[in-house]
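Any chance you can model this:
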Amino acid sequence: MASLRFSPQWFTLVFCLAYGAILALELPVPGYYPLTGRWSFGDFSIVDGTVMHWYGLTFEALILGVLAGVLLPRRLAPRVLGLVALGATWALMAVAAFLLRSYFWG
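Prediction:
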């Protein structure tokens, strides 16, 4: 029986890079309307209430991270890649804080 080979280093690195790129480039993400439980790329705020894009952003980055973790060869992920992924995580937090600074500091 073949076992699923998953690389957490590739997952972390690609997830962080995808999350940062989607956020910085303002790429389209599906929105979730909690009042109706509806997912959509369209704007239905008038009918369905407030939209939450964070779920769609996280979902898209998660899909790309899982694909990278499964498809990219594990042998190409040395331990150094784990440190790069950790650095990418911290860098993404700084980029996200910078891009969202108007929400935190008026």
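
How about residues contacting the helix ranked longest in the chain?
In terms of residue count, the longest helix belonging to the chain (DSSP state H) is helix 79-99. The contact list for helix 79-99, computed with C-beta atoms under 8 Å, 6 or more residues apart in numbering, reads P8, Q9, W10, T12, L13, C16, L17, Y19, G20, L23, A24, F104. C-betas here are computed from N, CA, C, even on glycine.

rerun that using 6 Å as the cut-off
Here helix 79-99 makes contact (C-beta atoms under 6 Å, 6 or more residues apart in numbering) with Q9, T12, L13, C16, G20.

Secondary structure and neighbour count added to those residues, as JSON lines?
Formatted as JSON lines, those follow (DSSP: H, G, I helix; E, B strand; the rest coil; neighbours: other C-beta atoms under 10 Å):
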{"residue": "Q9", "secondary structure": "helix", "neighbour count": "22"}
{"residue": "T12", "secondary structure": "helix", "neighbour count": "21"}
{"residue": "L13", "secondary structure": "helix", "neighbour count": "24"}
{"residue": "C16", "secondary structure": "helix", "neighbour count": "23"}
{"residue": "G20", "secondary structure": "helix", "neighbour count": "20"}
